[in-house]
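*Asks:* Curious how this folds, go ahead:
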Amino acid sequence: MQADAGLANLKLRERDGALISRDIVERFVFERARAERDVWIGWIARTAPALAHELQSDPQATFAALDRIVRENLLEISQAKGETL
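*Replies:* Numbers count the residues shown, from 1 in each chain. As a prediction, the model looks like this:
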């Protein structure tokens, strides 16, 4: 009886919009992570020329180094599985 009451309460809360389905949350988190990844990848292309100019370094080498570092960091973040970074 208690389990039925708890289930009824969950269904009521879901119907009232107090709960969100797991699928919706997972889709949101995935899309948010993808958007953040895309911002970082774009940042490399925008930042590398200015950094190369400031450091008087080869623009292609600077881009390659930034690209490698950012992608390694994104991979590390993606593998964190909820741990505090």
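*Asks:* The residue nearest the centre of the chain and residue 19: what is the separation?
*Replies:* By CA atoms, centre = their mean, the chain has its centre lying nearest to residue 33, at 2.2 Å. Distance, residue 33 to residue 19, by CB to CB, to the nearest Å: 23 Å. Where you see a C-beta, it was placed from the backbone N, CA and C, and this is true even at glycine.
*Asks:* Same question for residue 2.
*Replies:* 19 Å.
*Asks:* quick one, which of those two is more surrounded?
*Replies:* residue 19 (12 against 6; other CB atoms under 10 Å).
*Asks:* The more buried one reaches residue 9, doesn't it?
*Replies:* No: contact between residue 19 and residue 9 fails when scored by CB atoms under 8 Å: they sit 10.2 Å apart.
*Asks:* So, low pLDDT: which residues of this structure?
*Replies:* Applying pLDDT under 70 to the chain flags the ranges 82-85.
*Asks:* again, 90 this time
*Replies:* Where the chain drops to pLDDT under 90, the residues are 1-22, 24-25, 78, 80-85.
*Asks:* in it, which spans are helices?
*Replies:* Using DSSP state H, the helices of the chain run over 2-15, 22-55, 59-78.
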